[in-house]
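A.B. asks: sequence isn't available, so here's the structure alone:
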């Protein structure tokens, strides 16, 4: 096939076909209620639970191919759900009005547990059995979630997320950060920010939290002082997680379908293609850094089995706004198996980068999201493809360009 024919075929496909490939795949949840938290079995990632508004609890036993609505026994909004890695192996959910739900048979039966507080609970931590919520509420269980007691709290701020193992952090509105000792004694620390803090990793071995206005807030001295990590976004970031087996790969989700990923322990973050514009409220990885889930508004559930695919990073942030659209030649080229594609956009718009084989068949979408004007770079990994000629196409507003690259193994 002549190259000009391939270019014409790719152009035709772009004009008439929707995006078909993504590394985060949207699953059929069967609900349009907002989903606030998602968690998987710590020994089998095919078993997962998510919870949300109106008491919705969904469960899958096949990795999300099918999600089943469970009978929660409540119409209260549920904001946190967690599989507890303990001998009793319960799953607990918490939410509006201080409600606590517990099951020991994977959700076939959910029991309502007496709560010592009637304030809304917004998160629950594995291992430490700590739940947090409105008006500075902190409660703890010492018998696998059967009974709960209130703990002294040094704040009346809304508390949004908790990690009660390793570093022991609770975060909340107006820059509230609490640091704990054995999950019992919680003390305010000086955070240095007034942004609302909404997420901490389940495993607190990395002193990291995320929040409003694109905030990634980190500490390198056990919480004594904090500094901002560049997120390249101003959207609200709501959840952050990494797997127990690879803490160098960190995932963050937030509003407008935003998913960020770092592969170097948070030194740099880039965007991933989520294929949704819904707000994403929770993200979860556990056994490995490839298989993970995310959930959000309007019943959205996403899953990846390859770490979310390509990462797009902003480059030359201080060089000003580009005066033209540009798609550069990939480098290196030829490549094996990874290459970088750099491009520029002169005005904010939905921008896509797609990969095609020699026949013009679309094989992967590296990017499909709204980007501000600037210069960017995205990585293509050809590990799963044979040697040969491939094409990559950029589309942003009225700009459309295709270039050739060669994979040599």
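C.D. replies: Received it, and whenever you're ready, just let me know what you need. As the structure is a computational prediction, the values presented were derived from the model and not from experiment. Numbers count the residues shown, from 1 in each chain.

A.B. asks: contacts, neighbours, all on C-alpha from now
C.D. replies: Fine.

A.B. asks: and the strands in the stretch 201-350 of the chain, which stretches?
C.D. replies: If you assign secondary structure with DSSP state E, counting those that start in this stretch, the strands in the stretch 201-350 of the chain sit at 208-211, 216-218, 227-229, 237-243, 246-254, 259-262, 270-272, 280-285, 292-296, 301-304, 312-315, 326-327, 338-345, 349-356.

A.B. asks: quick check: residue 54 touching residue 72?
C.D. replies: No: applying C-alpha atoms under 8 Å, one finds residue 54 not in contact with residue 72, separated by 9.7 Å.

A.B. asks: what lies in contact with the one helix or strand residue 379 maps to?
C.D. replies: When secondary structure is defined using DSSP states H and E, the element that contains residue 379 is strand 374-381. Strand 374-381 is contacted from outside by 310-317, 320-322, 337-347, 366, using C-alpha atoms under 8 Å, 6 or more residues apart in numbering.

A.B. asks: kindly report the same for stretch 128-137.
C.D. replies: By C-alpha under 8 Å, 6+ apart, the residues outside stretch 128-137 that reach it are 94, 117, 119-125, 138-142, 144-145, 150-151, 153-162, 164-165, 170, 183.

A.B. asks: are any of those buried, and which?
C.D. replies: In terms of neighbour count (16 or more other C-alpha atoms under 10 Å), the buried residues within those are 94, 117, 119-125, 138-140, 144-145, 150-151, 153, 155, 157-162, 164-165, 170, 183.

A.B. asks: and the angle from the strand holding residue 379 to strand 349-356?
C.D. replies: Going by axes from the mean of the first three to the mean of the last three C-alpha atoms, to 10 degrees, strand 374-381 is angled at 30 degrees with respect to strand 349-356.

A.B. asks: what's the first helix or strand after strand 374-381?
C.D. replies: Next along from strand 374-381, by DSSP H and E: strand 388-396.

A.B. asks: what's the angle from that following strand to strand 374-381?
C.D. replies: Using the same axes, to 10 degrees, strand 388-396 lies at 150 degrees relative to strand 374-381.

A.B. asks: buried residues, the helix or strand just after strand 388-396. List them.
C.D. replies: Beyond strand 388-396 in the direction of the C-terminus, DSSP H and E gives the next helix or strand as strand 399-407. Applying a neighbour-count criterion of 16+ other C-alpha under 10 Å, one finds 400, 401, 402, 404, 405, 406, 407 buried in strand 399-407.

A.B. asks: from residue 36, how far out is residue 279?
C.D. replies: For residue 279, the distance to residue 36 equals 10 Å [C-alpha to C-alpha, to the nearest Å].

A.B. asks: sorry, back to before: nearest to residue 42, out of the strands of the stretch 201-350 of the chain?
C.D. replies: Closest approach to residue 42 among those is made by strand 280-285 (9.6 Å; C-alpha to C-alpha).

A.B. asks: how far is that closest one from where the chain is centred?
C.D. replies: 4 Å (C-alpha atoms, centre = their mean, to the nearest Å).

A.B. asks: give me the residues contacting it.
C.D. replies: With C-alpha under 8 Å, 6+ apart as the contact definition, strand 280-285 has outside contacts at 35-40, 238-243, 251-258, 291-297, 300.

A.B. asks: tell me the mean pLDDT for it?
C.D. replies: Here the mean pLDDT over strand 280-285 is 96, rounded to a whole number.

A.B. asks: likewise for stretch 149-157?
C.D. replies: What stretch 149-157 shows for mean pLDDT is 97.

A.B. asks: quick one: low-confidence parts of the chain?
C.D. replies: Counting by pLDDT under 70, the chain has low-confidence residues at 1-22, 87, 203-205, 315-319.

A.B. asks: tell me the centre residue of this structure?
C.D. replies: To find the centre residue of the chain, average its C-alpha atoms and take the closest one (C-alpha atoms, centre = their mean): that gives residue 253, at 3.3 Å.

A.B. asks: how close does the closest residue to that one other than its chain neighbours sit to residue 389?
C.D. replies: When the adjacent residues along the chain are set aside, residue 253 lies closest to residue 259, with 4.4 Å between them (C-alpha to C-alpha, 6 or more residues apart in numbering). In this view, residue 259 and residue 389 are 30 Å apart by C-alpha to C-alpha.

A.B. asks: neighbour count winner among the two?
C.D. replies: Looking at residue 259 and residue 389 with other C-alpha atoms under 10 Å, you find the greater number of neighbours at residue 259, namely 25 against 15.
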